[in-house]
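quick one, what's the 3D model for this:
(chains A, B, C, D, E, F, G, H, I and J)
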Number of protein chains: 10
Amino acid sequence: MAELETFDNPHPDHDYVIKHIAPEFTSVCPKTGQPDFGTIEIEYVAGPLCVELKSLKFYLQGFRNEGVFYEDVVNRILNDLVAAVSPRKMKVTGSFTPRGGMHSVITSQYVDTGRARLT
Amino acid sequence: MAELETFDNPHPDHDYVIKHIAPEFTSVCPKTGQPDFGTIEIEYVAGPLCVELKSLKFYLQGFRNEGVFYEDVVNRILNDLVAAVSPRKMKVTGSFTPRGGMHSVITSQYVDTGRARLT
Amino acid sequence: MAELETFDNPHPDHDYVIKHIAPEFTSVCPKTGQPDFGTIEIEYVAGPLCVELKSLKFYLQGFRNEGVFYEDVVNRILNDLVAAVSPRKMKVTGSFTPRGGMHSVITSQYVDTGRARLT
Amino acid sequence: MAELETFDNPHPDHDYVIKHIAPEFTSVCPKTGQPDFGTIEIEYVAGPLCVELKSLKFYLQGFRNEGVFYEDVVNRILNDLVAAVSPRKMKVTGSFTPRGGMHSVITSQYVDTGRARLT
Amino acid sequence: MAELETFDNPHPDHDYVIKHIAPEFTSVCPKTGQPDFGTIEIEYVAGPLCVELKSLKFYLQGFRNEGVFYEDVVNRILNDLVAAVSPRKMKVTGSFTPRGGMHSVITSQYVDTGRARLT
Amino acid sequence: MAELETFDNPHPDHDYVIKHIAPEFTSVCPKTGQPDFGTIEIEYVAGPLCVELKSLKFYLQGFRNEGVFYEDVVNRILNDLVAAVSPRKMKVTGSFTPRGGMHSVITSQYVDTGRARLT
Amino acid sequence: MAELETFDNPHPDHDYVIKHIAPEFTSVCPKTGQPDFGTIEIEYVAGPLCVELKSLKFYLQGFRNEGVFYEDVVNRILNDLVAAVSPRKMKVTGSFTPRGGMHSVITSQYVDTGRARLT
Amino acid sequence: MAELETFDNPHPDHDYVIKHIAPEFTSVCPKTGQPDFGTIEIEYVAGPLCVELKSLKFYLQGFRNEGVFYEDVVNRILNDLVAAVSPRKMKVTGSFTPRGGMHSVITSQYVDTGRARLT
Amino acid sequence: MAELETFDNPHPDHDYVIKHIAPEFTSVCPKTGQPDFGTIEIEYVAGPLCVELKSLKFYLQGFRNEGVFYEDVVNRILNDLVAAVSPRKMKVTGSFTPRGGMHSVITSQYVDTGRARLT
Amino acid sequence: MAELETFDNPHPDHDYVIKHIAPEFTSVCPKTGQPDFGTIEIEYVAGPLCVELKSLKFYLQGFRNEGVFYEDVVNRILNDLVAAVSPRKMKVTGSFTPRGGMHSVITSQYVDTGRARLT
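Coordinates of the predicted model:
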């Protein structure tokens, strides 16, 4: 995985929400070896740091040839981003294209209960 | 009915939502013998287990030639899935195509009041 | 008016929502004698009884040649359905096509405050 | 049936197309006695006369309680309008709401081969 | 301005919402003299009276050649309607077409705090 | 297969197009035994006969548990309908839901070159 | 009516199409005195001159309080613009909002048969 | 930056929301020098003052050739507008077009906790 | 590249069109090494052979980690498919997601002029 | 203006269409000095050369602070691209956002009559 780079939150006193939407996510099904496709949406209330966009792109591209389940990949992205930027709140959603006539949406979230404000 | 298979929730410490959308549901009207068509949407906060996707597909296909009412089928799917994966919360929605100029949407939900968290 | 038939709620222990959408509603304006058109949406949490779909269709067709105002027809349908199925909650919405460059949406609801649960 | 009124084409020297779209058409199925619903679209290149809009509305309302098949009603409307306004060209389309899981679109047209121009 | 006519609320015991949507609103910019265009949406919980639709149409047409600012017109319509029908709650929204590459939406509301119920 | 019933073309002198759209088609993949889903659209210029709608519904339902390839089913429906109603022109389109990340659309047509007119 | 101003076609040697879409057109019904609303679309292949946009806006605003029929206004706009800019081809379309449950679209065109090229 | 002009809130006693949507925002990426594009949406509950629309347009145009990050520009616009009109509440959203296959939405808000009412 | 498998055209006497739409295409930009994403649409009139769907999926997946330009990949897919199934006509379209604020659509086609019929 | 770079058509023997869509075009109105916004779409059948995408992006950015009329800019882009790549056919369309309540679409095309084939 490419490393997630960060920069200082330019408005740490503001209560604001950052959302990045990446519709070109692809990984590989660990069972069948077939490619999976989906949209990853990352929404967070920044604490001290923001994630740098180019490094986020490379980080997500790191899953391109890796075998990983839907339920797992969304939570791993959440874990890695929480570790990188220490947000007050963060939500990661993966919305995947149909397989076997069904499509799936996984949403995981993190709240720093001590620091979260009303946004 | 095909059996619902499960796997261990890979992130039991996370508060996350799994949604599977199956737009190719079909069963048979018990009154007229005519086929019914609809979309089944299953949304849950996993407890110890997750439902395996392929077995879910076969389970839903099990209704293909069975006579069942709208109000009944949605609640039966909910009951079977709650029994299989012991979710913290689960909601099943069936949205059916028009019959006699009207279409119907049935939504049933289950909450394990002791274990449900804020998601 | 055709009589509304009912059947026993097959899952009275469940907290679930039934919605029927009827986009082919038509009645007559009591002032001008001109036909009115709209969509009637009925959403309820069932108590002991559910409304039978075919009798609901015939009941709604009963307004086809009757003169009735928008504000009145929505509340009358609500009253008749509440009387027929004793729901825990019910909401009826009528959304009518434009007349004189304006269109109208009327929404009326009933709550059995003693029996309503969280759905 | 209400009579179709006409007025003199205000620009008989122009090659122009008039389209009236009536999404509130309803008639009755001659087999089942159940109401049918659809949109009637009338498109024509005027000859000496144009159809007056209010009389067209009343004419279409004349089918409200009449039993008539899809294939028949579209051709009857075409015949009546051709007789009323002697157009250079005319096309009538009826697009009907689903019955038994299928919906139907019927399109009939008339060309006065001696007078039709390029429009 | 044409006078707003009213009629007695036919179901004063019901808790219901009336919405009228008028997409053909036009007035004049008091600064430039240029016409403005927008959609006015009126939503209210009726008290003793309802507004009559035809008089509402004429009332809104009364702004056609009058110079008035966006922020002002929405609040004036709210004031006039509250005075006419004494609603339990009322919300007026004006959504205006782009001027100078920007479009504007103004929403004003009134609550009769003593009489408002849960709708 | 249910038999296709017909009725006499009520306007054999008119040049008109009949289209029936059936979004609830399902059959079975002959390779995998899995259900397939799609929309069948039938468009024709009638000759002496029209296809009766209810028998068409039962005919299409006849594929529900039959194994048949996309390319085959569309052409078989075309052949059966041409044999039943001797149209001047006919086009059958099957648009199928995604399998393996791809969806398919098959369109086949028949022209009675001696009798086809300009429609 | 405000005068239509023009400017020299900056590329008279090119075969190109200019389209102006004016969704804020309003006039008055000559029968009822009620306002009409619609979108006027003007599409032409320029000859020696182009129509200046601001003067076109003022010209169309000139119909704001004038009584004029749908069929007439579209042809009058065509005539005035053909007279002003001598196009090789021009098409004017008026698409009007619903009155009495029907909406209308009128399209008129002009071709300078001697000068029209293939565009 | 052009100065933000204001005018007195014409209805300071009303609890109403003003929203301006500016889809033609463009600035320059401070890293690459490449232009960025997006939509800025400003929503506020006015206190004593409203922002004048033309000056707002010129203010936003002031970013056209300035290098600024997404997270920064949204908060700067919020700060400048809060300073100019002292709102009871204000929210600014920037929704930017895709870069590197991802697009971003930033939302920042201000609440004057002493003066905010329920809107 | 995986080999394209074929099967005998089951209706070689019919004039019919087969379209396969693959929205999950991905390759790599030969200049930057960055992934590209797009939809490949293949439409053909079959000659003696049809392309087998599963082998087509594997063939398209073969581009996943290969560096290839837009203009090239569409024509290479066309060449490979023409060689595999000898169609009477074939069209391949690649529609790619935005890069640098622009997106591209490439369409290439082949006609066997001796054998093409009217479809 | 940045120079348009080209590369050799990789499939000069194929009859294929290349389309580039640039929704982030902006220039300046020569009359008012105000920014204009629109989408430029370039579609061509390549001759010996193709336009390189990055240089096309920079070329279009060259209009960012230049004053130019709609009718002029579309034809200038066409002229510059025809000069750069000698296409068999080319069409350039500019679709601009509303000004004064009207929006405009300009389409210009070039055909090399000696070399154009059927695409």
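
next, see if the longest helix that chain A contains gets close to chain I.
Longest helix of chain A, by residue count under DSSP state H: helix A:70-85. No - using CB under 8 Å from any CB of the partner chain, helix A:70-85 stays clear of chain I, coming no nearer than 15.4 Å. Placement of C-beta: from N, CA and C, glycine included.

what's the burial count for residue A:7?
Here the number of neighbours of residue A:7 (other CB atoms under 10 Å in any protein chain shown) works out to 14.

that one: which element?
In the assignment (DSSP states H and E), residue A:7 maps to strand A:6-8.

now do that strand, average pLDDT.
On average, the pLDDT along strand A:6-8 is 95.

packing partners for that strand?
strand A:49-51 (3 or more CB pairs under 8 Å, 6 or more residues apart in numbering or on different chains; DSSP states H and E).

got a list of contacts for the strand it packs on?
Residues from elsewhere that reach strand A:49-51 (CB atoms under 8 Å, 6 or more residues apart in numbering or on different chains): A:4-10, A:18, A:20, A:42, A:81, A:84-86, H:71.

what's the closest of those to chain J?
Chain J lies nearest to residue A:20 out of these, by CB to the nearest CB, at 19.1 Å.

could I get the phi/psi values of residue A:23?
Backbone torsions of residue A:23, given as degrees, to the nearest 10, read phi -80, psi 0.

burial count for it?
16.

any idea how far it lies from chain J?
Going from residue A:23 to chain J by CB to the nearest CB, to the nearest Å gives 16 Å.

pLDDT at that residue, what is it?
97.

on that earlier part again, now the contacts of strand A:49-51: which count as buried?
Buried by 16 or more other CB atoms under 10 Å in any protein chain shown: A:4-6, A:9, A:18, A:20, A:42, A:81, A:84-85, H:71, out of those.

how about residue A:21, secondary structure?
Three-state call for residue A:21 (DSSP: H, G, I helix; E, B strand; the rest coil): strand.

picking that back up, not counting the longest helix of chain A itself, show me its contacts.
With contact meaning CB under 8 Å, 6+ apart, helix A:70-85 is reached by A:1, A:4, A:6, A:27, A:36, A:38, A:40, A:42, A:44, A:46-51, A:59-60, A:63, A:68, A:87, A:90, A:92-94, A:96, A:104, A:106-110, B:9-11, B:14, B:16, B:18, B:46, B:50.

quick check: buried residues in it?
Buried residues in helix A:70-85, defined by neighbour count with 16+ other CB under 10 Å: A:70-71, A:73-78, A:80-82, A:84-85.

any chance of those residues in a markdown table, with distance to residue B:31 too?
Below are the buried residues of helix A:70-85 laid out as a markdown table (distance: CB to CB, whole Å):
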| residue | distance to residue B:31 |
| --- | --- |
| A:70 | 38 |
| A:71 | 39 |
| A:73 | 45 |
| A:74 | 42 |
| A:75 | 45 |
| A:76 | 49 |
| A:77 | 48 |
| A:78 | 48 |
| A:80 | 54 |
| A:81 | 53 |
| A:82 | 53 |
| A:84 | 58 |
| A:85 | 58 |
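
of the contacts of helix A:70-85, select the buried ones using a ChimeraX command.
A single ChimeraX command selects the buried members of the contacts of helix A:70-85 (16+ other CB under 10 Å):
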select /A:4,6,27,36,38,40,42,44,46,47,49,50,51,59,60,63,87,90,92,93,94,96,104,106,107,108,109,110 /B:9,11,14,16,18,46,50
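
the host helix or strand of residue A:27 close to chain F?
Assigned by DSSP H and E, residue A:27 belongs to strand A:15-28. No - Strand A:15-28 lies out of reach of chain F by CB under 8 Å from any CB, never closer than 10.9 Å.

for the closest residue to residue A:57 other than its chain neighbours, what are its contacts?
Of all residues not flanking residue A:57 in the chain, residue H:100 sits nearest, at 4.8 Å (CB to CB, 6 or more residues apart in numbering or on different chains). Going by CB under 8 Å, 6+ apart, residue H:100 touches A:53-54, A:57.

CSV for these, including secondary structure?
Below are the contacts of residue H:100 laid out as CSV (three-state DSSP):
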residue, secondary structure
A:53, helix
A:54, helix
A:57, helix
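
quick check, nearest of those residues to residue C:32?
residue A:53 (60.2 Å; CB to CB).

do I have it right that the closest one meets residue A:18?
No - the pair residue A:53 / residue A:18 is not scored as a contact, 10.2 Å apart, by CB atoms under 8 Å.

report the inter-axis angle for the strand holding residue A:27 versus helix A:70-85.
130 degrees (axes from the mean of the first three to the mean of the last three CA atoms, to 10 degrees).

which helices and strands sit right next to strand A:15-28?
strand A:35-45, helix A:53-61, helix H:70-85, strand H:102-111, strand I:15-28, strand I:35-45.

all set, thanks.
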